[in-house]
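[1] Predicted model and sequence follow; I will ask about them next.
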Amino acid sequence: MYWQTILETLQYFGIGPDKVVPALLLIIGLSIAFKAKLDPINKTLRQVCAAIIELQTIARGEKKQIAQFVEAPGSPTGPTAYGAMLIRESGLENILNDRQRLLFSRLRALLPNDPKEYDVQEAARQVLIFLKDDSIMDPIKDYAYKNGMDANMILSVGGLWLRDDYLGLPRKTVGAES
């Protein structure tokens, strides 16, 4: 019954039974191409929405609340999808991957004997923020400048992935879209 309706509709548009398969392939191909064109638009819209929320928060004088958009509440805390996007797009993810030995060395130097996971988390944030003036963090500062952001916010949320790396845990993103 459903297929009969489709065939009747196609015949209405002058597509006979001999041209049904090519017409359906064309429709499927156009659908796939249309979706591929929408994916970058959706990504851009998510970024714009996050930026608008951030700007509204700043305009209301609630700068401390910005952390809620990049870092999810809970225990242990982790970057939100927006926070993870900032880590990736700023180049911090590459720094965490490529400079792991240096970062772990600096982290160990800050940790007390028998550190708790919370100690690792806070020391990881401190390491990245302390290294802000080092040339390895230039990509983050450039990204922050070009996007009107606070580099410390990106470094602080990136400290959560450094914490996970140091503790041998998978990097987590809370509320990430699939």
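    Okay, I see it.

[2] Look up how far G29 lies from M153.
    43 Å (C-beta to C-beta, to the nearest Å). All C-beta spots, glycine's among them, are computed from the backbone N, C-alpha and C.

[3] Please point out which parts of the helix or strand hosting A144 sit buried.
    Assessed by DSSP states H and E, A144 sits inside helix 138-146. Within helix 138-146, the residues that count as buried by 16 or more other C-beta atoms under 10 Å are I140, K141, Y143, A144.

[4] so who does the last one touch?
    Translated: A144. Residues in contact with A144 (C-beta atoms under 8 Å, 6 or more residues apart in numbering) are S90, D150, A151, I154.

[5] Same check on the third one?
    Residues in contact with Y143 (C-beta under 8 Å, 6+ apart) are E89, S90, G91, M149, A151, I154.

[6] In a strand, S105, correct?
    No - counting by DSSP: H, G, I helix; E, B strand; the rest coil, one finds S105 to be helix, located in no strand.

[7] Could you identify the least confident member of the contacts of A144?
    Lowest model confidence among the contacts of A144 falls on D150, which carries 87.

[8] Need the phi and psi values for that residue.
    Note on D150: backbone dihedrals following degrees, to the nearest 10 are phi -100, psi 120.

[9] Please tell me how far it sits from P79.
    D150 sits 15 Å away from P79, going by C-beta to C-beta.

[10] Tell me which of the two has more neighbours.
    P79 (28 against 13; other C-beta atoms under 10 Å).

[11] For the more buried one, which non-adjacent residue is closest in space?
    Excluding its sequence neighbours, the residue lying closest to P79 (C-beta to C-beta, 6 or more residues apart in numbering) is V157, at 4.9 Å.

[12] For stretch 73-89, list every residue counted as buried.
    P76, T77, G78, P79, T80, A81, Y82, G83, A84, M85, L86, I87.

[13] end-to-end on that stretch?
    By C-alpha to C-alpha, to the nearest Å, the extent of stretch 73-89 from end to end equals 22 Å.
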